[in-house]
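Novice: Take a look and give me a structure for this.
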Amino acid sequence: MADELNPRHFALYQHDPTKHGQDLQRYLTEYRDADGNDPCDWRWTYPDVG
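Specialist: Numbering: from 1, shown residues only. Purely as a prediction, here's the structure:
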């Protein structure tokens, strides 16, 4: 799977709790591609917890 095909799925599949921690929302919000861009533009329907 390439980042260009579906960046949201790519970012989600890249998350590894042993490397990135348990906070999936934070990981996805801070995810950047190889060029340092945010290809996903994640938006949330509820406020952050904590």
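
Novice: Now do the helices in this structure.
Specialist: 7-14, 17-20, 24-30 (DSSP state H).

Novice: Check which residues of the longest one are buried.
Specialist: Meaning helix 7-14. By 16 or more other CB atoms under 10 Å, the buried positions in helix 7-14 come out as 7, 10-11. Every residue, glycine included, has its C-beta placed from N, CA and C.

Novice: Nearest residue to the middle of the protein?
Specialist: Geometric centre of the chain, nearest residue: residue 28, 2.3 Å, by CA atoms, centre = their mean.

Novice: That one is in contact with residue 40, isn't it?
Specialist: Yes. Using CB atoms under 8 Å, residue 28 makes contact with residue 40 at a distance of 6.9 Å.

Novice: what touches both of the two?
Specialist: Residues touching both residue 28 and residue 40 (CB atoms under 8 Å, 6 or more residues apart in numbering) are residue 11.
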